[in-house]
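In: Quick one, what's the 3D model for this:
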Amino acid sequence: METKVLTAHVPLPLAEKVDQLAARLERPRGWIIKQALAAWVDQEEERRRLTLEALADVDAGGVIDHQSVQAWADSLDSDTPPSVPQ
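Out: Numbering: from 1, shown residues only. You can find the predicted model right below:
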């Protein structure tokens, strides 16, 4: 696999934590950073997917009016709260 060198300035405390993890896991610093960056990119891609899914749901009319949600939330302290609004 081809690679590309990326350079970033990070605060010293974060760099020290990366170095500590690398030592503890007996892995190179670059491996730690690559794992962290891959996890962050995956998380951001999932967040975007979920956002687009939610926006499509709104466009399709899949919303609950504020008053219904507020009434449901206000009733949660009662002995018999109603079911979640649909």
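In: Can you pull up the most central residue in this structure?
Out: For the chain, Q43 is the residue whose C-alpha lies nearest the centre (C-alpha atoms, centre = their mean; 5.2 Å).
In: What's the separation between that residue and K34?
Out: Noted for Q43: a distance of 15 Å to K34, by C-beta to C-beta, to the nearest Å. C-beta here means a position set from N, CA and C on the backbone, and glycine is covered the same way.
In: List the residues that contact I33.
Out: V18 (C-beta atoms under 8 Å, 6 or more residues apart in numbering).
In: That one: helix or strand, and which one exactly?
Out: Per DSSP states H and E: I33 is located in helix 29-59.
In: how far out from the middle of the chain is stretch 45-64?
Out: Offset of stretch 45-64 from its chain centre (C-alpha atoms, centre = their mean, to the nearest Å): 15 Å.
In: Buried residues of that stretch, list them for me.
Out: Residues of stretch 45-64 classed as buried: none (neighbour count, 16 or more other C-beta atoms under 10 Å).
In: What are the contacting residues of that stretch?
Out: Under C-beta under 8 Å, 6+ apart, the answer for stretch 45-64 is 85-86.
In: looking only at pLDDT, what's the mean for stretch 73-80?
Out: Mean per-residue pLDDT for stretch 73-80: 85.
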